[in-house]
Each structure stands twice: as structure tokens, then as C-alpha cells.
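Q: predicted model, plus sequence, below.
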Amino acid sequence: MSVSDAGVIQSSLEDPVRFAVIFDRHVDPIRRFAVSRLGSSRSEDVVSEVFRIAFEQRDTFDLTSRSARPWLFGIATNLVRREHRSHARSVAALERLGGRRHITIDPLLDAADRVDAREDVLRLRDAVLALSDDEREILLLVAWDQLTPSEAALALGWKPETARTRLRRARLAVRRHLAGEPISNNDSQEVQTDATR
């Protein structure tokens, strides 16, 4: 049975070399997160910075948390936000996001099917871009980076109910956008009411 992240971090306070286990366990998802938000050219610096900050702040890690994953994603999210100084950079990062998951296309498919698929990707991109920054971030952490809503809440420094509400709102907005329906104020109130149940 392997030692929990909390156990590794606690032991690294006495033996700093032990922190390498945290790097080995979590570097791949953190790298994928950084590449999806910033592209490959700027992601390695962010990945290095995430683990440098985590190492320097390891004495602040909540040892009641078994996994360091939400903590590391929180650091990564803050660094990525710092990189996105303007809306134009955010749009460029989301453009690259469309190519993050490689979809193998059967060469026998006709051109019309490929055009339809491209249009679907563009509609999805537009739906994600139409979200607020908070809604976009929670949706991407859950859908693309496969964090649970609770882990995403920890990563973003939000209460779990806030994360669930924003995730519901984001999913509803994307569904409505893809269906060509506008979102009304009643939809937001419905989501907020649902979150209080």
C-alpha cells in the first residue's frame, strides 16, 4: 500500500528529497492542464513553477487531505490566471483547447461529415467562451482535467456549494447555447434555487 500524498509531504519536511514522489505522482495531469490553457511553449515554465511553489509551501499543506491534487491544481490555476493578462490570451488558449483531445477521423468519412464535426467544435468553443470566467474555469477543471467538483472547489478556493452552482450554471449555458436557445434570468435563478436544495 502506498503512502498518501499527505504522508509524503509530511516526511518531506524532514527529508526534502521525498517531495520528488509528489512530482512523480502529479506532474502529468498538471502538465496537461498547463498545455491545454497555455500551449506547449509556455506550459513547462508553469509546471516547474507549480512544483517549486508547492515545495516551498509544503509546510502549509493541509495534512488531513490525503491527495495533493486539488492543492497543486489550485497553484496551477493561479499561475495560469497570471499568464492570462488579457481576454485575447484567453481566447487563444481556448482555440488550442479544441486540439487537446485527438479525435481519429476515419479517412473514408466524406468531407461533409468533417465540415459538420468542425462546426460542432466551433459551436462548443463559442459556448465555452460565452461563459463567465468562473463558470469556464470550473467546467474545464471538471470536464477536461477530470477533477471532481469537490476537488475543483478546493483548487479554486471556493465553497463546494459555490462550485456545484457554477458548474450547473455552466452546463446549462453550454446546453442552451448549443441548442440555439438564449439563457434567461429564470435559468440562473433555477440553478441557484437548485443549489440550495
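A: Thanks, I have the structure now. Residues are numbered from 1 along each chain as shown.
Q: what sits against residue 150?
A: Residue 150 is in contact with 70, 160, 163, counting by C-beta atoms under 8 Å, 6 or more residues apart in numbering. (Each C-beta comes from the backbone N, C-alpha and C, glycine too.)
Q: apart from its neighbours in sequence, what residue is nearest the first one?
A: Nearest residue to residue 70 in three dimensions, chain neighbours excluded: residue 154, at 3.6 Å (C-beta to C-beta, 6 or more residues apart in numbering).
Q: and the host helix or strand of the one you found, how far out from the chain middle?
A: Using DSSP states H and E, residue 154 falls within helix 149-156. Here helix 149-156 shows a centroid-to-chain-centroid distance of 9 Å under the convention C-alpha atoms, centre = their mean, to the nearest Å.
Q: tell me, what residue is most central in this structure?
A: Centrality entry for the chain: nearest residue to the mean C-alpha point is residue 141, 2.4 Å, by C-alpha atoms, centre = their mean.
Q: tell me the domain ranges of this structure?
A: Per the record, the chain has its domains at 1-85, 103-197, by automatic domain parsing.
Q: buried residues in the helix holding residue 154?
A: By neighbour count on 16 or more other C-beta atoms under 10 Å, the buried set for helix 149-156 is 149, 151, 152, 153, 154, 155, 156.
Q: quick one: contacts for the second one?
A: Remark: with contacts taken as C-beta under 8 Å, 6+ apart, residue 151 is in contact with 67, 69, 70, 73, 141.
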